[in-house]
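> let's see this in three dimensions:
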Amino acid sequence: MTKFDEATQAIRVDDTTYDVCLDGGYSIGGPLNGGYLLATVLRAVVDESPHAHPVSTSAQFLRAAVPGPATVRIERLKSGRTATMTRATLVQDGRSFIDTLVTTATLDPAATPEWADGPASPMPDLSDCTKLPDPKPESNMNLNAQMELRFDPPTIGWLAGEPTGRPESRAYFRMAETQDPDPFVLALAVDALPPVVFSAGARGWAPTVELTWHLRALPAPGWLTLLGSGRLISDGWFDEDVEVWDSAGRLVAQSRQLARVGRG
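Below is the predicted model:
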């Protein structure tokens, strides 16, 4: 079992309840990463479902969860031969922190697309990409140690005060500990990029309010490619779309989130 598997482990208590322990290693300056929290919730959902894969997840982030014990409460809404619909709520100290609707199904790992589009943006070779500087210990950016990201250089120009002016973020991704990507890793990956508004000139914590993501295929081993973009920044809100492509060149996940523009 990898460290990520341990950090997202859900232990069954009864038919509708799972115990989890939220790991502070996935914090970003204090709050826990939303993708990590979804991976934890999905462990419980998949364990309870007759189907193996979370193909659609829609989450409302009600408040910022903190490291420590928590509970996932499960309510199966409908189950059939091809899909099961479940409501799952992450609860901590008696309060709901994330409310999700999840559809599980069983994907065929050998399936081939009948039609497929290409990536929204080209990426340079991995050797031409760069990583972010290591965060200062006092910053509490613990998430960085759990994964490796290699960025398309223009999309992190904001670090040097040279944002592109467009909401965008692109990088290669893998876990820091050797681990083939799976649906739970993809839940983390869709929320692993710096907020796309950084490249448009904004700074500061940008809390996610709602995030929906779809598992489109089971990923091949190796680096994932994350392509993030936005369509509108207005009135303190922004959207962020992420495509996740695997090492075989297949689209394996898609996400869209609505978030608040941070204040630097």
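> Thr82 reaches Leu107, doesn't it?
No - look at Thr82 against Leu107 with CB atoms under 8 Å: they stay out of range, at 10.8 Å. Just so you know, the C-beta spots here come from the backbone N, C-alpha and C atoms, and that holds for glycine as well.
> so between the two, which is more surrounded?
Between Thr82 and Leu107, Leu107 has the larger neighbour count (other CB atoms under 10 Å), namely 15 against 8.
> Arg170 versus that one, what's the distance?
According to CB to CB, to the nearest Å, Leu107 and Arg170 sit 26 Å apart.
> residues in contact with Glu48?
By CB atoms under 8 Å, 6 or more residues apart in numbering, Glu48 lies in contact with Arg12, Asp15, Tyr18, Ile74, Arg76, Thr86.
> if you set the cut-off to 6 Å instead, what comes out?
Ile74 (CB atoms under 6 Å, 6 or more residues apart in numbering).
> quick thing: my sequence starts at 352, can you match it?
Sure, I'll start numbering at 352, so the last one becomes Glu399.
> show me where the stretch 452-601 of the chain has its helices.
Counting by DSSP state H, counting those that start in this stretch, the stretch 452-601 of the chain has these helices, from start to end: 534-540.
> and for Phe412, the neighbour number?
Neighbours of Phe412 (other CB under 10 Å): 23.
> any idea how far Val392 is from it?
The separation that Phe412 has from Val392, given CB to CB, amounts to 11 Å.
> next: Met498.
Where Val392 is concerned, Met498 sits at a distance of 19 Å (CB to CB).
> so for these two, which sits in the more crowded spot?
Between Met498 and Val392, counted using other CB under 10 Å, Val392 has the larger neighbour count: 30 against 19.
> next, the more buried one: phi, psi?
Here is the backbone geometry of Val392 (degrees, to the nearest 10): phi -60, psi -40.
> where in the stretch 402-551 of the chain is pLDDT low?
Low-confidence segments of the stretch 402-551 of the chain (pLDDT under 70): 489.
> now the strands: where do they sit in it?
For the stretch 402-551 of the chain, the strands defined by DSSP state E, counting those that start in this stretch occupy 404-412, 419-430, 435-443, 446-456, 498-502, 519-526.
> out of those strands, which is closest to Gly587?
strand 404-412 (16.0 Å; CB to CB).
> against which helices or strands is that closest one packed?
strand 446-456, strand 559-566 (3 or more CB pairs under 6 Å, 6 or more residues apart in numbering; DSSP states H and E).
> restricting to C-alpha, output it in PDB.
Written as PDB, here are the backbone C-alpha positions of strand 404-412 (Å, rounded to 0.1, in the frame of the first residue of the first chain):
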ATOM      1  CA  HIS A 404     -15.100   2.900 -11.000                       C
ATOM      2  CA  PRO A 405     -16.300   6.500 -10.100                       C
ATOM      3  CA  VAL A 406     -17.200   7.700 -13.600                       C
ATOM      4  CA  SER A 407     -18.900  11.000 -12.500                       C
ATOM      5  CA  THR A 408     -18.500  13.000  -9.300                       C
ATOM      6  CA  SER A 409     -20.100  16.300  -8.500                       C
ATOM      7  CA  ALA A 410     -19.100  18.000  -5.200                       C
ATOM      8  CA  GLN A 411     -20.200  21.000  -3.300                       C
ATOM      9  CA  PHE A 412     -17.400  22.200  -0.900                       C
END
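> tell me the strands beside it, with direction?
Neighbouring strands of strand 404-412 in its sheet, by DSSP bridges, are strand 446-456 (antiparallel), strand 559-566 (antiparallel).
> need the contact partners of the longest one.
Pointing back at strand 446-456 there. The contact list for strand 446-456, computed with CB under 6 Å, 6+ apart, reads 388, 392, 396, 400, 402, 404-414, 416, 434-441.
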